[in-house]
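Asks: Sequence first, predicted coordinates after that:
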Amino acid sequence: MIKKLFLLFLIALPASIDVSHALDLKQLTLAQSIRDNYHLRIYASLPDARSMAVAETIKTVFVGTKSRDRLYAIHQNKVHILAEGLNSPNGVAWRAPYLYLAEQNKITRYRFDEFSSQSPKLPNAEFIINLPNYRHHGWRVIEISPDGKFLYVSLGAPCNVCKVENLHGTIARLNISSHDKKLEIIAYGVRNSVGMAFHPENGKLYFTDNGVDNMGDDLPPEEVNRLDKNGQHFGFPYYGGGKARTSRPLAKGDFTFPLVELPAHNAPLGIHFYQSDKNRPLNIPELDGKAIIALHGSWNRRIPDGYRVVMVDFKRNPAKVETLIDDFLDMQEGRGRPVAIKTLWDGSLLISDDGHGKIYQLIKNQQSGK
């Protein structure tokens, strides 16, 4: 009987979601440098909107979730549910013609030569590799190298502060261009990175890292790191943001301090470089070459902080951090919590918000299409 009821539930599951839910975006504040010429609109509404993958060749945006266990696709103004009952399918990445999906316990991929809104469906899964299966910091983010050879995956430490081993507290990669599907650790001492991006000019991997809890409101700083060579150690559990936190730190020179420090408990998640491209219009020249980072916001601070999107200019020394979109904290209908940033094929910027279940689009004032 239970099995029959479950099957009926699946049959009744809607193939798409209404995207018309309104939200007053005038509550959000844009940086002075862009507010006169740009505005935010709701690109799509879908519960628990997290990581995004922009598939330009098929004009589709894939969206992963952490708690809803769903995989979504946005195509021709409609949100489609491609799969349910997954295991925290937070990580998505696109390399035509494949969508790579990272669940808590594994990575699979799906071949999309096209996408049909009339009959949206997930192709047969191709298994790639198993991952350590644990809940604490178990939501994965993935990124594909610019040459398309390697897939990078973050494997957060399964704790607040603890001694880590094996793949825990690392960033690893696997060669997706070969048949040898073995994870290679390329960064150690990473507590919980929920955002990775390759710099469009120097080709290096940049990633955010969330600091330790329960050290007070202002310690340790959050991190933005750069991988200069494979095997670097970024401090966890000994250091965070350049601040010692144990009585037995690593020997000097054995760890790498962050490239940029951000305020404690701001929870930096997605990082994305907005860059001019010969195949894509540059619709927001004020952001050209800058890293855009989503600060998800604090949950354990006496005075809440974060809840904004910032831009980082690495061409300056030291790097300059400025607020791009602010006031997610004070939005009506609950707090907005930005998660991921991506550039759409028209040059506009997408920002996901799992607090409201929205994806916002930063566009020019005269631009209105999707």
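Replies: Nice, thanks for sending it over.

Asks: Could you pull up the contacting residues of His265?
Replies: Gly211, Asp213, Asp217, Glu222, Ser298, Trp299, Asn300, Arg301, Asp305, Gly306 (C-beta atoms under 8 Å, 6 or more residues apart in numbering). Every residue, glycine included, has its C-beta placed from N, CA and C.

Asks: I'd like to know how far the fifth one sits from Tyr307.
Replies: Shown here: Ser298 relative to Tyr307, a distance of 8 Å by C-beta to C-beta, to the nearest Å.

Asks: between the two, who's got more neighbours?
Replies: Comparing Ser298 with Tyr307 by other C-beta atoms under 10 Å, the one with more neighbours is Tyr307, at 24 against 20.

Asks: Let's see the pLDDT reported for the more buried one.
Replies: With respect to pLDDT, Tyr307 has a value of 97.

Asks: Okay, helices next: where are they in this structure?
Replies: Ranges of helices in the chain, per DSSP state H, are 2-12.

Asks: any low-confidence regions in it?
Replies: Scanning the chain for pLDDT under 70 picks out the ranges 1-22, 241-253, 278, 367-370.

Asks: Which of the contacts of His265 fall within strands?
Replies: Glu222 (DSSP state E).

Asks: need the contacts of His265 in CSV with distance to Pro285, can you?
Replies: As requested, the contacts of His265 are exported to CSV (distance: C-beta to C-beta, whole Å):
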residue, distance to Pro285
Gly211, 33
Asp213, 39
Asp217, 37
Glu222, 28
Ser298, 33
Trp299, 36
Asn300, 38
Arg301, 35
Asp305, 30
Gly306, 27
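
Asks: filter the contacts of His265 to the buried ones?
Replies: Buried members of those, scored by 16 or more other C-beta atoms under 10 Å, are Gly211, Glu222, Ser298, Arg301, Asp305, Gly306.

Asks: Report the contact partners of the last one.
Replies: Each residue near Gly306 by C-beta under 8 Å, 6+ apart is listed here: Pro263, His265, Asn266, Ala267, Leu295, His296, Gly297, Ser298, Leu329.

Asks: Tell me how far it lies from Val54.
Replies: 25 Å.

Asks: What of the fifth one?
Replies: When C-beta to C-beta is applied, the distance between Asp305 and Val54 equals 30 Å.

Asks: cool, the first one as well?
Replies: Gly211 sits 29 Å away from Val54, taking C-beta to C-beta as the criterion.

Asks: Nearest to Pro97 among the contacts of Gly306?
Replies: Pro97 has its nearest neighbour among the contacts of Gly306 in His296, at 31.6 Å by C-beta to C-beta.

Asks: and the closest one, what is it in contact with?
Replies: Val194, Asn266, Ala267, Pro268, Leu269, Gly306, Tyr307, Arg337, Pro338, Val339 are the contacts of His296 under C-beta under 8 Å, 6+ apart.

Asks: Count the residues that sit near the third one.
Replies: In this case it means Ala267. Applying other C-beta under 10 Å, I find that Ala267 has 25 neighbouring residues.

Asks: Surely it and Asp209 touch.
Replies: No - the criterion here is C-beta atoms under 8 Å, and Ala267 misses it with Asp209 at 10.4 Å.

Asks: Name the residues contacting each of the two.
Replies: With C-beta under 8 Å, 6+ apart, Ala267 and Asp209 have common neighbours Glu222.

Asks: Thank you kindly, that will do.
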